[in-house]
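A.B. asks: Predicted model, plus sequence, below.
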Amino acid sequence: MNFYRKNQFCLYKNRRKQSGISLVEVLVSLVISLFLLGGIIQVFLGNKATHKFSSALSQVQENGRFAMDAISRDLRSAGDWGCINFNPTDATTINNTTINNINNNLVGEEGYIAAIHDFIANSPIVGTNDIDGVNTSDTITLSGSKPGQVNVRAPFSATTMNYITTNSISFFADGDIALITRCGSNDLLIPQEADIFRVTSVDTSANRLNHTVTLSQQYENDATIMELQTVAYSIEEGASGEPALFRSLFNDNQEFIEGVENMQILYGIDTTSDAFANQYVTANNVANFRNVVSVRVMLLVRSFENFVIDQAQTYTFNGNVVMASDRRIRRVFTNTIALRNRIGIL
């Protein structure tokens, strides 16, 4: 009996030791938890803002670099006639068959348009100033060759044959406009001449470029062929409703790079015939675009998303200090490109 009572007493003492959590302890725990949760949220928001800023900045940098590289590459190819020293005042050095060769006879072809197909009469560079583009952006149209060329190889085609055999046809597609030039000097009786013709189809099995015209001469292994193009750049409203850089190839206008907000262009004019630009002017102040020896391109590129930075950005573009109306990241890209195919021929 004493043993039973003793055990009961022990159980009673143990129950008294197992007391619950007080209200003060609960409140303290909640406060500590709130501090910890707030810290975690702060770290998360900080990481998210940093990631958003880094992504927007890398996006702007990449788009600006890619846009400037594309424009620079086409500018360097403007007026490229291969190994022939073409004088625009003497068009007899080039046999231009393009006019007769573009007659809506190819699928999807719009026909001959002098403004984009006449490589002889048109200047390699033509620009407009503050009238055509979104945000009063400039436009520029360039004519010349694409990078890369192929060589003529045997069997050599007579002038009346409707194909040319080359060492490769990788640069060409059906409907392309091609320039073929003599580069050798082994036959002094035949001057260095060239033909512009339309490629009606590409024969991949025989490495042949088919056409339907009569060439000025029989071209042999001292001749090269390159593709010609007329490409225009402008700033227009893209599919997302935001401004974008557009690239038009033979009047086929396509959205090229998003986020390019403005494009301003200055043209370097050589007034002393020393192959260097003496002054840079806007397009409306260029008397003759054939006198342009270099081009200065300025691009304003912005991030796709808004609220990337804490406050509106102030930036300098085309000599003007501008306060942005939003909180996007903006970067200005500037490059001056020497027109290597124009220098020294003026």
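C.D. replies: Received, thanks. Just so it is clear, the model here is predicted, and its values are computed rather than measured.
A.B. asks: Give me the secondary structure label for Ala206.
C.D. replies: Under DSSP: H, G, I helix; E, B strand; the rest coil, the three-state class of Ala206 is coil.
A.B. asks: what's the closest non-adjacent residue to it?
C.D. replies: Distances taken as C-beta to C-beta, 6 or more residues apart in numbering place Thr165 nearest to Ala206, at 6.7 Å, with adjacent residues excluded. Backbone N, C-alpha and C define where each C-beta goes, glycine included.
A.B. asks: Could you check which helix or strand contains the one you found?
C.D. replies: If you go by DSSP states H and E, Thr165 is part of strand 163-165.
A.B. asks: Which elements pack onto whatever helix or strand comes next after that strand?
C.D. replies: Next along the chain after strand 163-165, taking DSSP H and E as the criterion, comes strand 177-182. Packing contacts for strand 177-182, counted by 3 or more C-beta pairs under 8 Å, 6 or more residues apart in numbering; DSSP states H and E, involve strand 194-198, strand 223-237.
A.B. asks: For the stretch 1-150 of the chain, just list every one of the helices.
C.D. replies: Using DSSP state H, counting those that start in this stretch, the helices of the stretch 1-150 of the chain run over 2-17, 23-77, 98-101, 114-117.
A.B. asks: Pipe those helices into JSON lines and attach mean neighbour count, distance to Arg331 and mean pLDDT per row.
C.D. replies: Shown next, in JSON lines, are these (neighbours: other C-beta atoms under 10 Å; distance: least, C-beta to C-beta, whole Å; pLDDT from 0 to 100):
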{"stretch": "helix 2-17", "mean neighbour count": "9", "distance to Arg331": "69", "mean pLDDT": "56"}
{"stretch": "helix 23-77", "mean neighbour count": "14", "distance to Arg331": "5", "mean pLDDT": "86"}
{"stretch": "helix 98-101", "mean neighbour count": "16", "distance to Arg331": "41", "mean pLDDT": "72"}
{"stretch": "helix 114-117", "mean neighbour count": "17", "distance to Arg331": "32", "mean pLDDT": "86"}
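A.B. asks: still on that earlier bit, in terms of mean pLDDT, which of the helices and strands packed on strand 177-182 ranks lowest?
C.D. replies: Out of those, strand 194-198 stands lowest, with a mean of 90 (criterion: mean pLDDT).
A.B. asks: partners of that strand in the sheet?
C.D. replies: Strand pairing for strand 194-198, using DSSP bridges, gives strand 94-96 (parallel), strand 177-182 (antiparallel).
A.B. asks: Other residues contacting it?
C.D. replies: 81-82, 84, 86, 93-98, 101-102, 106, 119-120, 175-182, 211-213, 215-216, 228 (C-beta atoms under 8 Å, 6 or more residues apart in numbering).
A.B. asks: Off-centre distance for that strand?
C.D. replies: Centroid separation for strand 194-198 versus its chain: 27 Å, with C-alpha atoms, centre = their mean, to the nearest Å.
A.B. asks: Quick check: buried residues in it?
C.D. replies: Ala194, Asp195, Ile196, Phe197, Arg198 (16 or more other C-beta atoms under 10 Å).
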